[in-house]
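Q: Below is the structure, and that's it, no one-letter string:
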Ligand SMILES: Cc1cc2nc3c(=O)[nH]c(=O)nc-3n(C[C@H](O)[C@H](O)[C@H](O)COP(=O)(O)OP(=O)(O)OC[C@H]3O[C@@H](n4cnc5c(N)ncnc54)[C@H](O)[C@@H]3O)c2cc1C
């Protein structure tokens, strides 16, 4: 006989008990005070490798504790280590956890937000059993190996190839912009498996061991100073066939599962006790610009558009939670996010002027340059502005399709990017 699922109220009560025992409760919200605490507002992680390792160890420790108590993969199927509960239980847990100070889990965003759902949807039972629990318990971390020097927006032009060799595949090629590859244990890779088919048809997805012989990871330095991306080279790397994701040559659908989850996670709204908007308002007050009509106008414009974007993103998330396919809200949400980022940057630049480009040592000034220099990355990650506009133009407004690159001829007959021969 199976027992009835725990009620949301009882679940929230047991979450509180767990958090009381394992985390520190946040102090009653003190108002953000200009000049106090850290002035870091960077877009990307800018840690040294030592600081990154320390952050990762804390994140793994917290995630494994949550997992062992049944609070990490709340909606996951029990057969693979999840708690088998509903999104309502998950929301209830998240609401309670927000009251406590816990380790940031950003290092797992790609692995758990994009790779794990793809493994659940497309991997063999053996691979699901091997990786899902380990990923959700943070015993291992996953990364996304899609982009290549000649294939970004036009991902289907990728050229890393996988060749069958008995029960294994041999992977050779180069990936680029791989966030977090430096601390990842596995990667979701899309490879070309049949160049005689049109470009979208001859692709296959795999789970690859990032520590396998033949994998070489080289960091890429960003203009903000950090190195959170990498180039990853594969030289005849062996992957067992049961690490294939979905059918041979069905990799485009596998990639779409991952990309759908990527846009959902990027479109998510910014929140938190010291969020950027709170800091911005404090800065405006600090410089006594709260009566300035131009500043007030720019701030109101930013606030209104951010609220609207938040509701659009909420609509997309609710649709997915209700089991529906996400629609154009995802692309619109992403475009709105980057447009609001531009509004924010323009306002910060208007207020700070030269203090943004020269470090005078004054608290809360030059630190914003990290955010402004990181912002262009958001216009590209998860689908560039132009590509998002193409999607909205074609699928929402019904405009004629982007001419694009030949998607009917065999891939080996078309010249794309750096394709040889
Ligand atoms: C912060 C960040 C994190 C990332 N993390 C990862 C990761 O973990 N794993 C991974 O695989 N990749 C990652 N990427 C790579 C990302 O997916 C690609 O950068 C993105 O798909 C764009 O590809 P590209 O850089 O090759 O640019 P291109 O596709 O070469 O685009 C160049 C320019 O041409 C425009 N353009 C291209 N096609 C069209 C078109 N049809 N119509 C109009 N304009 C067009 C683009 O908008 C852009 O302005 C990351 C990127 C960023 C910025």
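A: Done, it's in. Remember, predicted model here, so these are calculated numbers, not experimental data. Numbers count the residues shown, from 1 in each chain.

Q: Now do the same contact list for residue 410.
A: Going by Cβ atoms under 8 Å, 6 or more residues apart in numbering, residue 410 touches 195-198. (Glycine included, C-beta is placed from N, CA and C.)

Q: count of residues packed around the residue of the stretch 101-250 of the chain found nearest the ligand?
A: The ligand sits closest to residue 152 of the stretch 101-250 of the chain, with a gap of 1.8 Å, by Cβ to the nearest ligand atom. Per other Cβ atoms under 10 Å, the neighbour tally for residue 152 reads 18.

Q: and this protein, which of its residues are near the ligand?
A: Proximity of the chain to the ligand, by Cβ under 6 Å from any ligand atom, involves residues 110, 143-147, 152-153, 177-179, 377, 380-381, 384, 386-387, 390, 402.

Q: Just the buried ones among the residues you listed, please.
A: Buried subset of these (neighbour count, 16 or more other Cβ atoms under 10 Å): 110, 143-147, 152, 177-179, 377, 380-381, 387, 390.

Q: Could you identify the most distant pair in those residues?
A: Farthest-apart pair in these is 143 and 390; separation 26.8 Å (Cβ to Cβ).

Q: State the distance from residue 71 to residue 240.
A: Plainly put, residue 71 is 33 Å away from residue 240 if you go by Cβ to Cβ, to the nearest Å.

Q: which of the two has more neighbours?
A: The neighbour comparison of residue 71 against residue 240 (other Cβ under 10 Å) goes to residue 71, with 24 against 16.

Q: you'd agree that one is up against residue 12?
A: No - contact between residue 71 and residue 12 fails when scored by Cβ atoms under 8 Å: they sit 10.8 Å apart.

Q: Mutual contacts of those two, please.
A: residue 93.

Q: Contacts for stretch 105-113 next, please.
A: Contacts of stretch 105-113 (Cβ under 8 Å, 6+ apart): 45, 55-56, 59, 62-63, 135-136, 138, 141-144, 179-180, 183-184, 261-262, 264-265.

Q: Out of those residues, list just those in helices.
A: Using DSSP state H, the members of those that fall within helices are 55-56, 59, 62-63, 135-136, 261-262, 264-265.

Q: What is the nearest of the buried ones among the residues of the chain next to the ligand to residue 162?
A: Nearest member of those to residue 162, counting by Cβ to Cβ, is residue 145, at 11.7 Å.

Q: Could I get the full set of helices for the stretch 1-150 of the chain?
A: Here the stretch 1-150 of the chain has its helices, by DSSP state H, counting those that start in this stretch, at 8-22, 49-68, 87-97, 109-110, 116-122, 125-136.

Q: what about residue 218, helix or strand, and which?
A: strand 215-220 (DSSP states H and E).
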